[in-house]
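Engineer: Pasted the sequence and its predicted model underneath.
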Amino acid sequence: MKFVHDTKLFRVVDNHIDGQRLQKDIDLLGECALQWQMKFNVEKCKVVHYGKGNRPTGTKYSMYGQPITEVSSERDLGVMLSRDLKVSIHAVS
């Protein structure tokens with residue numbers, strides 16, 4: 001089976017309705033991948049709420065019926081991106 005790699009999906013989510021719209025985007029992306037005989041590895045998919053003062057809306061996201069893990073930071077192309085967008089996560093003690 002072929003897998004989709006390095007795909008990013010984002011949307012400003014200020015309320016529950018925005019969260020539902022993002023879930024719909026995730027569903028459409030998953031369907032498109034399946035149409036191309038590919039699939040996302042949901043275990044490797046992550047949700048990060050970026051930005052100062054950004055509060056999660058309580059929406060739990062999923063793909064192919066599997067929950068997507070929410071994390072406070074994620075490595076992308078060798079760079080750690082944290083929820084608050086601070087670079088202190090890169091500092092070595």
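Structural biologist: That came in fine, so what should we check first? Numbering: from 1, shown residues only.

Engineer: Does A33 touch C45 like I think?
Structural biologist: No - counting by Cβ atoms under 8 Å, A33 sits too far from C45 to count as a contact (11.5 Å). For every residue, glycine as well, the C-beta is placed using N, CA and C.

Engineer: and the most centrally placed residue in the chain, how far is that from M63?
Structural biologist: What sits nearest the mean C-alpha location of the chain, by Cα atoms, centre = their mean, is V47, with 3.3 Å. Distance, V47 to M63, by Cβ to Cβ, to the nearest Å: 11 Å.

Engineer: How about H49?
Structural biologist: For H49 relative to M63 (Cβ to Cβ), the value is 17 Å.

Engineer: Which of the two has more residues huddled nearby?
Structural biologist: M63 (18 against 14; other Cβ atoms under 10 Å).

Engineer: any idea how far the more buried one is from L81?
Structural biologist: 20 Å.

Engineer: E74 pairs with what?
Structural biologist: L81 (DSSP bridges).

Engineer: In the chain, where is pLDDT below threshold?
Structural biologist: Applying pLDDT under 70 to the chain flags residues 1-5, 52-57, 87-93.

Engineer: I'd guess T7 is in a strand, am I close?
Structural biologist: No - membership of T7 in a strand is not supported by DSSP: H, G, I helix; E, B strand; the rest coil, which gives coil.

Engineer: phi, psi of it?
Structural biologist: Per-residue torsions, T7: phi -100, psi 130 (degrees, to the nearest 10).
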